[in-house]
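Q: give me the fold of what follows.
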Amino acid sequence: MDELFAPPADTWQRLSPKYATLERLTTVIGVVVVFGAAALIVGAASAVWWISAVIIAVALVIIIARWIVIGRALRSWGYLERDEDLFITHGVLFRTLVAVPYGRMQLVEVNSGPLQRAFGLATVQLVTASASTDATIPGLPPDEAARLRDRLTERGETHTAGI
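A: From the prediction side, this is the model:
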């Protein structure tokens with residue numbers, strides 16, 4: 001089964017470590033807001049304080065679990081530019097290896113939300129003829145995202161498959 005996801009022998013490019021920090025920050029913010037509000041509402045609505053303590057304990061368990069998973073997930077991401085196609089791999093429990101032929105690319109998008117910009121990160125997304133293609137590379141420094149966008153666009157034009 002491992003042969004199915006065996007990467008080519010070339011060197012894989014990895015995501016920026018800042019991406020893990022961004023993911024961990026958004027996890028902490030999301031969990032604190034949702035579970036903190038729930039704990040406050042339950043604590044204010046009833047005199048049973050231990051239910052709020054249980055909600056906070058669950059929130060801490062979620063944060064710790066996500067903290068660990070985010071680190072492993074970051075190490076699983078990689079992309080590799082080859083002569084005819086682009087390989088993208090990710091996933092720890094559910095592994096994915098996507099090969100996108102340059103001739104099948106319709107457009108290359110670069111996105112960066114407010115938090116990504118604050119961390120100096122961008123996401124490159126490839127749009128192909130297939131709606132199910134998951135060709136997204138998050139957590140790239142802006143200069144690498146721009147370089148990858150330009151390189152993929154150039155290679156896509158030279159390998160046009162006439163979709």
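
Q: now the strands for the protein?
A: With DSSP state E as the criterion, the chain has strands at 78-81, 85-90, 96-101, 105-111, 122-128, 136-140.

Q: nearest to residue 150, of the ones you listed?
A: For the strands of the chain, proximity to residue 150 was assessed by Cβ to Cβ; strand 105-111 is nearest, at 8.7 Å. Where C-beta positions appear, they are placed from N, C-alpha and C, glycine not excepted.

Q: for the closest one, which strands pair with it and how are they oriented?
A: Partner strands for strand 105-111, per DSSP bridges, with pairing direction: strand 122-128 (antiparallel).

Q: which residue packs closest to the residue nearest the centre of the chain, ignoring adjacent ones?
A: Nearest to the geometric centre of the chain sits residue 138, at 4.7 Å (Cα atoms, centre = their mean). Of all residues not flanking residue 138 in the chain, residue 123 sits nearest, at 4.5 Å (Cβ to Cβ, 6 or more residues apart in numbering).

Q: spit out the contact partners of that neighbour.
A: 110-112, 116, 136-140, 145 (Cβ atoms under 8 Å, 6 or more residues apart in numbering).

Q: ditto for residue 76
A: Residue 76 neighbours (Cβ under 8 Å, 6+ apart): 89-92, 95.

Q: next: residue 132.
A: Listed by Cβ under 8 Å, 6+ apart, the contact set of residue 132 is empty.

Q: now do it, the pLDDT please.
A: Residue 132 carries a pLDDT value of 70.

Q: also residue 79?
A: As predicted, residue 79 sits at a pLDDT of 93.

Q: that one - how many residues pack around it?
A: When neighbours are counted by other Cβ atoms under 10 Å, residue 79 registers 20.

Q: do the one 3 residues further on as well
A: Using other Cβ under 10 Å, the number of residues around residue 82 comes to 13.

Q: hang on, it packs against residue 12?
A: No - contact status for residue 82 versus residue 12: not in contact, 11.3 Å apart, counting by Cβ atoms under 8 Å.

Q: so what does the residue of the chain positioned farthest from its centre look like in phi/psi?
A: For the chain, the residue at maximal distance from the C-alpha centroid (Cα atoms, centre = their mean) is residue 47, at 41.8 Å. For residue 47, the backbone dihedrals are phi -90, psi 10 (criterion: degrees, to the nearest 10).

Q: in contact with the nearest residue to residue 98 once chain neighbours are set aside, which residues?
A: The spatially closest residue to residue 98, leaving aside those adjacent along the chain, is residue 88, at 4.6 Å (Cβ to Cβ, 6+ apart). When contacts are counted by Cβ under 8 Å, 6+ apart, residue 88 touches 78-79, 96-98, 100, 134-137.
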